[in-house]
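Q: Need a 3D model of the sequence below.
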Amino acid sequence: MSTKALFNKSLTLSYLGLPDEYTPSPQSEPISFLSRHIMQLPPHLLLHFSYITTAKERTVLPVIRNRRLKYASSNPMQLNPSSDEWRDLYQGREQFGRQDGEEEKAWVESDFLRGSTKHIGKLGGLLGGYEEEREAERARILRRERAAAEQFIPEEDDDSSDEEELVDSVTNDESPEETKASFERSIRERLIYGLLEAS
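A: Below is the predicted model of the structure:
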């Protein structure tokens, strides 16, 4: 069943007392309709607009952006930066590779073949190194994909200094506290502008 089939424009129009021929139509021009009537609609009807619009499309409405900003500023548990859910957004992903490598090595030394060191030798270090390499490669791929995706995001003003800042932030060595703050800011910005998969 299509999500467009779940949207019933007559519910919204009848709630507002508008005719079925009203323009802008909530089904064909949902953003224009919302910009005029969002303050008049109750939450249970506003939810239906998520079936026919994306979070990114709804970002053009200041009311939506402000609501998301207020939510992000309340430090909700869903945006907890220590969660593995946001691991792909973290600039210092390489540390996760080291952690995973250490876990792999510890597993081999303690649980693999019941911890028998006779047959294992340096297998723990080898597998740990492989895990670090895999995670570093995933980090490089994600960085390339994110950079390519960010090139296609339309900006209000086309300023090349933003691109230079992006390159500087990736190559510049930051302290762990600065990296964490940058990471948290990135999650909040992506939520506000509808770029998170969860939003």
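
Q: Leu41 and Leu13 touch, don't they?
A: No. Leu41 is beyond contact range of Leu13, at 10.8 Å (criterion: CB atoms under 8 Å). The way it works is simple: take the backbone N, C-alpha and C, and place the C-beta from them, glycine included.

Q: what's the span of stretch 45-52 from first residue to last?
A: 13 Å (CA to CA, to the nearest Å).

Q: Surely Arg36 and Pro24 touch.
A: Yes. Arg36 sits in contact with Pro24 when judged by CB under 8 Å, with a separation of 7.3 Å.

Q: Looking at the two, which is more packed in?
A: Between Arg36 and Pro24, counted using other CB atoms under 10 Å, the more crowded position is Pro24 (15 against 10).

Q: Assign that one to one of the three secondary structure states.
A: Secondary structure for Pro24, judged by DSSP: H, G, I helix; E, B strand; the rest coil, is coil.

Q: Quick check on it: phi, psi?
A: phi -70, psi 140 (degrees, to the nearest 10).

Q: going forward, begin numbering at 29 instead of 1
A: Got it, first residue is 29 now, which makes that one Pro52.

Q: okay, now the spatially closest residue to it that is not a sequence neighbour: neighbour count?
A: Nearest non-adjacent residue to Pro52, counting by CB to CB, 6 or more residues apart in numbering: Ser60, 3.8 Å away. Neighbour count of Ser60, defined by other CB under 10 Å: 13.

Q: So for Ser60, what's the pLDDT?
A: Looking at Ser60, its pLDDT stands at 94.
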